[in-house]
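Chemist: what's the 3D shape of this:
(chains A and B)
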Amino acid sequence: MAANSSDCTDKEQPKLKLYSYWRSSCSWRARIALNLKGLSYEYKAVNLLKGEQFSPEFSKLNPINYVPVLVDEDIVIADSFAILMYLDEKYPQHPLLPCDLQKKAINFQAANIVSSSIQPLQNLLVLNYIEEKLGSDEKIAWAQNQIGRGFSALEKLLEGISGRYATGDEIYLADVFLAPQIHAAITRFKLDMKVKGKRHRQG
Amino acid sequence: MDSRPHQDTSGSFFSSSSDKLQLYSYWQSSCSWRVRFALNLKKFERLNPLHFVPVLVDGDLVVSDSFAILLYLEEKYPQNALLPVDAKCRAVNLQAASIVTSSMQPLHMLSVLKYIEEKVGPEERQSWAEYHIGKGFAALEKLLKDFAGRYATGDEICMADVFLAPQISVAVMRFKFDMSKFPTLCRIYEANKVLPAFQASLPERQPDASID
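Modeler: Numbering: from 1, shown residues only, chains lettered A, B, ... in the order given. Sure, this is the predicted structure:
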């Protein structure tokens, strides 16, 4: 399934491939960035529930067996943050980071609150463990608690800085990390976003 | 970032010629450690101590979160660059940093371990920590095996080293983790260990070290 339209002609398009799992918020970040930059890519689905990340083909590409993985000709990049920074440097259209250093730092902080303080604590591995040991209710409570704490931190961070989007009136890195996380919070964990005000609107 | 409450933590003023930075750090925090290590590598000298966990104050600008601080430092103070120019090598450094900061440290931070201990059982705490640390190091060993030179991604010290060295140290000291299955990582650690910048960043050398 190829991505959406681009600003470049077909001749100018780089041959990008994205290995992604539809539900993975980390994969989602990469998809958003590619779309924002108008880059078309070949979508390579990797079903994590079926263990496809351990297939010989994928293991050869990424011995660590994580998604997303971006392939740009002969360059292979894994990890959503590394992918986004690579894309931003190589394809500077629609930059993912503002020029202003303070705003840039805030974008990095927001991205990292999501990728270190929220997502790892509510990923499949952790949730399966909690469900197995403590039951389904505890699992949901745990996820809601971790996400809620992270969102509170984000509210504080972005207070007074957000405009139409997280750090102003342009979409930047913070938005790319935030939107998938908010979506997961609402759809998978039924988090009440009312207290989160602006974040919900932006999501 | 560590979010434990502190009464007496240490902040340090880092300065180099015309630039003055204030780092709020906690001696035992591996996140704070990364930032101290990087500041030392960029030749900022510590002047005198003060208070917190990594929060960097640079004039009017306040940055928290170790990864954000390090990326900010990289932009503003490009001396002794911690990210290489080569796109692939740069990506490997960011990936290594992500593995530490997203899939390792958050899973063994104190609040999570306490939860496991209280809800699942005290015996689970150590096995949980070891599992996630082992998984992360296995990923890093695979990632860096073909890239490592003297240091994590070549013969110059880079961002990957700044994340890796404190993580290995904490794994061994705090969790008695057996690193023998990860020869590449061990070798990288030994190279980092002897650097003056690393030595100066050691937890036990911080002003707040003896309070706990």
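Chemist: Show me the shaky parts of the chain.
Modeler: Picked chain A for this. By pLDDT under 70, the low-scoring segments of chain A are A:1-12, A:195-203.
Chemist: wrong one, I was asking about chain B
Modeler: Those would be B:1-19, B:44-52, B:211-212, if you go by pLDDT under 70 across chain B.
Chemist: Kindly recompute the last result at 90.
Modeler: Low-confidence segments of chain B, defined by pLDDT under 90: B:1-29, B:36, B:39-57, B:59-65, B:110-111, B:206-212.
Chemist: How about the lengthiest helix in it, which residues are buried there?
Modeler: Across chain B, the longest stretch assigned as helix under DSSP state H is helix B:122-145. By 16 or more other CB atoms under 10 Å in any protein chain shown, the buried positions in helix B:122-145 come out as B:124-125, B:128-130, B:132-144. Backbone N, C-alpha and C define where each C-beta goes, glycine included.
Chemist: Near chain A, list only the ones from those residues.
Modeler: When contact is defined as CB under 8 Å from any CB of the partner chain, these meet chain A at B:124, B:128, B:139, B:142, B:143.
Chemist: Near the closest residue to the fourth one other than its chain neighbours, how many residues? Count them for me, please.
Modeler: So the one you mean is residue B:142. The shortest distance from residue B:142 to any non-neighbouring residue, by CB to CB, 6 or more residues apart in numbering or on different chains, is to residue A:63 (4.5 Å). By other CB atoms under 10 Å in any protein chain shown, 16 other residues sit near residue A:63.
Chemist: May I ask which helix or strand encompasses residue A:63?
Modeler: Residue A:63 belongs to no helix or strand when assigned by DSSP states H and E.
Chemist: and it, backbone torsions?
Modeler: Residue A:63 adopts backbone torsions of phi -60, psi -20, taken as degrees, to the nearest 10.
Chemist: likewise residue A:79?
Modeler: Given degrees, to the nearest 10, the pair of backbone angles that residue A:79 has is phi 90, psi 120.
Chemist: So it sits against residue B:95, correct?
Modeler: Yes: when contacts are counted by CB atoms under 8 Å, residue A:79 is listed as touching residue B:95 (4.0 Å).
Chemist: Could you chop chain B up by domain?
Modeler: Following the TED database, chain B resolves into domains at B:21-80, B:87-201.
Chemist: Nearest residue to the middle of the chain?
Modeler: Using chain A. residue A:29 (2.9 Å; CA atoms, centre = their mean).
Chemist: Let me rephrase: I mean chain B.
Modeler: Centroid-nearest residue in chain B, with CA atoms, centre = their mean: residue B:34, separated by 2.9 Å.
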